[in-house]
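Undergrad: sharing a model prediction with you, sequence too.
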Amino acid sequence: MSDDEKKFRSKLYTKTGDKGTSALYNGERRPKNDTFFHSLGSIDELSACIGVALEYCLIDKNGLEPYLERIVGVMLDIGACIATPLDNSQEKHIKKTKLDDRKYVETLERWIDTIDSQLPPLKFFIIPCNVGLASSHLHVARSFSLVPEVVGIFINRLSDFLFAAARFAAMKSGKDEAYWTSKGVTFDDI
């Protein structure tokens with residue numbers, strides 16, 4: 001490893017959080033159980049779930065890959081935005097992490113409309129099983145989006161996109177969706 005590579009290589013551990021605090025982007029240290037870190041953890045979990053779904057979409061070559069790759073990048077931007085509280089961050093940090101939520105929401109809505117226009121009309125609740133690995137993992141990612149949904153409209157719309165993407169992935173893999181109707185079905189019927 002060259003001297004330049006050593007100089008720019010960061011350690012995976014810093015030991016700065018060993019006493020129960022962690023730093024936000026603005027440098028402020030807060031307890032690790034602070035709500036900011038719960039939100040960041042939820043965004044990270046959602047991003048990881050989308051990453052797994054993306055891997056299965058790459059295998060299936062179902063056309064969802066470019067959407068999911070962009071979304072994973074946006075999730076990093078959202079994390080940076082959350083880690084920069086508006087009430088006590090310098091203007092340079094706020095400016096660097098500011099998001100145009102409206103633009104992202106409009107893009108997701110356009111993607112949803114594109115995907116949904118290729119799907120059969122939805123008439124029942126969908127059971128997310130036997131729909132292929134890509135679709136199943138998109139459903140898992142969608143369920144993880146419900147936790148940080150309070151972050152804003154983008155995550156809410158992302159949940160809608162992931163639902164449409166899961167249906168699309170199932171269709172592209174040749175799997176029939178399983179529908180749920182609760183017309184008197186009980187576990188005793190099994």
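TA: Yes, it's here. Numbering: from 1, shown residues only.

Undergrad: tell me where the model's unsure across this protein.
TA: 1, 3-10, 148-151, 181-190 (pLDDT under 70).

Undergrad: determine the longest helix present in it.
TA: What stands out as the longest helix in the chain, according to DSSP state H, is helix 35-60.

Undergrad: residues making contact with the helix or strand that comes right after that one?
TA: Where DSSP states H and E defines the elements, the next helix or strand beyond helix 35-60 is helix 65-82. Helix 65-82 has contacts (C-beta atoms under 8 Å, 6 or more residues apart in numbering) with 25, 36, 39-40, 43-44, 46-47, 50-51, 53-54, 57-58, 96-99, 104, 111, 151, 154-155, 158, 161, 165. Placement of C-beta: from N, CA and C, glycine included.

Undergrad: now stretch 60-79, how far from the chain's geometric center?
TA: 8 Å (C-alpha atoms, centre = their mean, to the nearest Å).

Undergrad: ok, now stretch 60-80?
TA: 8 Å.

Undergrad: swap in stretch 102-120?
TA: Its chain's C-alpha centre and that of stretch 102-120 lie 16 Å apart, by C-alpha atoms, centre = their mean.
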